[in-house]
Every structure is written in structure tokens, then in C-alpha cells.
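S.K.: Build me a model from this:
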Amino acid sequence: MGKLRSLKKAKKNFFEFYYITSIANLESILKYGILSRKEVKSKGLPFKDLANNEVLKKRKSKNLDYYANLYIYPRNAMLYKLLKESDIVILGISGSLFNKTDILISLGNAASDYSTLLRKEDLANPLEFFKKVRAIEDWTYPLVKEEYINLIYFIKNPQLLKSTKISPKKFLQSEILIPEKVDPSYIEAIYVPNEDLRKKIETNTNLFYLLERRRIRVIIEPRFFFHSEEIQLTNKIWLIKGDMFLSDADALTISVNTVGIMGKGLASKAKHLFPEVYIKYQDYCKSKILTIGQPKVFYSKKYQKFFILFPTKKHWREKSKIEYIQSGLNYLKNQLDHIIKTHQSPPLKSLAMPALGCGLGQLKWEQVGPLMVKILNDFPIERVEIYLPQESFKEKYTQKSFYF
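M.R.: As a prediction, this is how the structure comes out:
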């Protein structure tokens, strides 16, 4: 069987839309198109639904199950929640679809109460709107360029808006809604995260001939799927450009203050991803046992992972200090050594840690990086992942000469 035509990068097209689905649905989609849930049900087609049941109920209550929904940019919260699932792919849909009539635009996730539904004619400048959505691709990192997006600039009549402002994370969930179905002729590409998934598609005889007949490209695009880039610095330390919360490390480190507030940055994200960790953190702060220079390590049965609460500042309004990082790392080294020697199960062999005190803490990686590498390289851990500062990344941070 020959190989399908594939490209390393997708062509830059601001009028390309996206559909997130499972490989299990590909054959049906390539035959019948991307159908609304009403259409799927009426045709009795097998379909692996990736949506949350509560979200589906909301969509149905708003009669949105009559529409097939596409995202303006796929690197959003929906995809982020599905990354632990296997065989997730993204379909690239031609922007010419936007010429169809009766299309609706959702400012934010269409099922959410905060979102405004508009006709496409209500957009003042569709291209600028699409560009703005795609610009919010780093919402998972501590610093986002804008705290809110002003929606007034994108529509002709501001009175149609439920709210004039929206957070970048919610804005990135914006959709276009197409009545009944998206015809398979609009499908231009299937994006996959790696070579293994591409081969899985190509070796499926039914899929192979459907894709060849429709001249649909299979494109490896790991960036869409939040994949990290890693560089081995020593036999123990890996430098990583990516999202720490997607790490499979046995322990995750969360930089915090000592007053119990997880308001912004990585701490805020951890609060939403791991509510139990937030409760534990508040208990430590109330009992005043979480102090500068003394990070706390605990194991969560619910998440089957160790968590390290690492204070980099006393109050959330303050700046971090390099001496807090140094004393905390030295204390943590001894703490982990004790845990590993006395805690038989589960094992603690790997550790993920952010750029401590950088970002909202305002420390410079030029100062923090070499210190972290020096101390962490002596940790009693087989693998230490250091996640480089995304908001001020420089290529020199990946070079050994920067640290030694």
C-alpha cells in the first residue's frame, strides 16, 4: 500500500476551521461529512462522542444539536482535556465553507451561558476576528498578553453582546455552527501529533482509499497537540519547552505564596485542574506550616501523583527572591531523599518543575536557571524536568554553556 501525500506544515490559512474527533469516527465522516448530533441520530450512525454529557445537554436545550460545530483554532481547552485520550485527530476544514448561508458564530463555547450567538453578517471584520482567536494560543502559560478580550471591536452592533469582555481562554473556544452537516468535500487535511498515528490511518484500508479519493492530506503537526520539545542537559536533567501539566512525571511542582491565594499563573491553573491540591494548600497556609524555604510534598491517591507546593514568595503581591529558591531547593532535596527511602509505594523517580520565581515572580531565568540546574542535578531522582519560562523564552536557554 502506498503512502498518502503528507506535509510537514499546514499552509497558513486564516480561513481554515477545525473539528476535533477520534480516529474511530473518520470513516463515517469521510463518507457522510461532519454531521450534527440530530443527523447522526436520525441516520443511526455509530459515533464516538468526545463531548461532556453536561455540555451535550446544554447544547440540546439551546437547539444547538441541529448544528455541526467547528473551532476557529484547535489548540483550546476542549482539546487540552482530551489529550490523555488515545487516537485524537484534528480535521482541517476549508475556509470556503464560510460562504455558506445560515452560519452562526459563537463568541466563546456555544453551550456556555456567557456566550453570544451571532449571524456571520453581524461580524464587522471576520478576518480580524479569526486572527484574534488564533493569537490566543498560549493561554496555558502563566502570562497571557491580555487579561480580557474586548468583543466590541469585532461586531457591528454592540447591543447584541451578552458581555462586552471575555477571557482569552473562553475566547479561544469560539465556534462556527453549520446547519445539519459539513460536507466531506470541505475536508482538506487530517492533523495528527506523531508518525505512529499517521501510520495507523494509512494502514487502515478503508480510510486509505477514502483519503486518496478525496485527496485529503495527513499532516503531522505536534504543535497543535501541545507537544513539548525537550533537550537533555545532563544524565538527569531535561529542559522542556511546553506545558508542565501534561507531564507524566511522578511529582509536579507548583510555585505558590504562603497566604493561600492561587490567583494567577501556574498556581491558578493547578487550582482548576487539581481541586484537591488547592484544598491541601489552603490547609497548609491556615496552619502556617507552609513557609519560605520549606516546600511541602504530599501524595494524592485521587490523581495518583506527588505534588510539591514550593513557596517562591510570602504574599502574592510581592516579588520572588532568589534566596527563597535556593533555600527551598536545598530543603526539598533532603525531603525527597527521606520520602524515597521510607515511601515504598508508589515510586518517586521523576520530577517536573517550572521556572521557579520567574514570570509573575519577576525573577530572571539568567539568575534562576543555573542555580536550579546545579542543585537539581544532585537530587535523588532519576529524571528531573525543568520547564523553561514561556513568557520570556530565549534560544540560549537550551544551551549547556548557559548553565555551566
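S.K.: beta partners for residue 220?
M.R.: With DSSP bridges as the criterion, residue 220 is bridged to residue 192.
S.K.: That one: how many residues sit nearby?
M.R.: 18 (other Cβ atoms under 10 Å). Backbone N, C-alpha and C define where each C-beta goes, glycine included.
S.K.: With the one 4 residues further on instead?
M.R.: Applying other Cβ under 10 Å, we find 22 residues neighbouring residue 224.
S.K.: what are the ranges of the helices in the stretch 301-404 of the chain?
M.R.: 322-342, 365-376, 400-403 (DSSP state H, counting those that start in this stretch).
S.K.: These into a markdown table, with extra columns for mean pLDDT?
M.R.: Formatted as a markdown table, the helices of the stretch 301-404 of the chain follow (pLDDT from 0 to 100):
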| stretch | mean pLDDT |
| --- | --- |
| helix 322-342 | 92 |
| helix 365-376 | 95 |
| helix 400-403 | 90 |
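S.K.: and of those, who's closest to residue 134?
M.R.: helix 365-376 (27.3 Å; Cβ to Cβ).
S.K.: Please identify the buried residues of that closest one?
M.R.: Within helix 365-376, the residues that qualify as buried by neighbour count (16 or more other Cβ atoms under 10 Å) are 365, 368-369, 371-373, 375-376.
S.K.: Report the two members of those separated by the largest distance.
M.R.: Across the buried residues of helix 365-376 (Cβ to Cβ), the longest gap, 15.0 Å, separates 365 and 375.
S.K.: mind listing the helices for the stretch 101-250 of the chain?
M.R.: Using DSSP H, counting those that start in this stretch, the helices of the stretch 101-250 of the chain run over 126-135, 168-171, 195-202, 205-214.
S.K.: which regions of this protein sit below the pLDDT cut-off?
M.R.: The model of the chain has pLDDT under 70 over residues 1-14, 138-146, 263, 265, 344-345, 391-392.
S.K.: What separation do you get for the spatially most central residue of it and residue 170?
M.R.: Centroid-nearest residue in the chain: residue 80, 4.1 Å away (criterion: Cα atoms, centre = their mean). Distance, residue 80 to residue 170, by Cβ to Cβ, to the nearest Å: 13 Å.
S.K.: Check residue 134 too.
M.R.: Where residue 170 is concerned, residue 134 sits at a distance of 15 Å (Cβ to Cβ).
S.K.: cool, residue 309 as well?
M.R.: 28 Å.
S.K.: Residue 178 - nearest residue in space that isn't next to it in sequence?
M.R.: residue 68 (4.8 Å; Cβ to Cβ, 6 or more residues apart in numbering).
S.K.: Using PDB, write out every CA atom in the one helix or strand the one you found maps to.
M.R.: Using DSSP states H and E, residue 68 maps to strand 67-71. Below are the C-alpha coordinates for strand 67-71, written out as PDB (Å, rounded to 0.1, in the frame of the first residue of the first chain):
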ATOM      1  CA  TYR A  67     -25.700  22.300  14.000                       C
ATOM      2  CA  ALA A  68     -22.300  20.800  13.300                       C
ATOM      3  CA  ASN A  69     -19.700  22.800  15.200                       C
ATOM      4  CA  LEU A  70     -16.200  23.700  14.200                       C
ATOM      5  CA  TYR A  71     -13.500  25.500  16.100                       C
END
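S.K.: between residue 134 and residue 170, which one's more packed in?
M.R.: residue 170 (22 against 15).
S.K.: List the beta-bridge partners for residue 105.
M.R.: Where residue 105 sits in a bridge, its partners, by DSSP bridges, are residue 118, residue 176.
S.K.: Just give me the neighbour total for it.
M.R.: 24.
S.K.: How about the contacts made by it?
M.R.: 117-120, 122-123, 129, 174-177 (Cβ atoms under 8 Å, 6 or more residues apart in numbering).
S.K.: what does residue 322 give?
M.R.: 357, 363, 367-368, 371.
S.K.: roughly how far apart are it and residue 370?
M.R.: For residue 322 relative to residue 370 (Cβ to Cβ), the value is 11 Å.
S.K.: Same question for residue 294.
M.R.: Plainly put, residue 294 is 23 Å away from residue 370 if you go by Cβ to Cβ.
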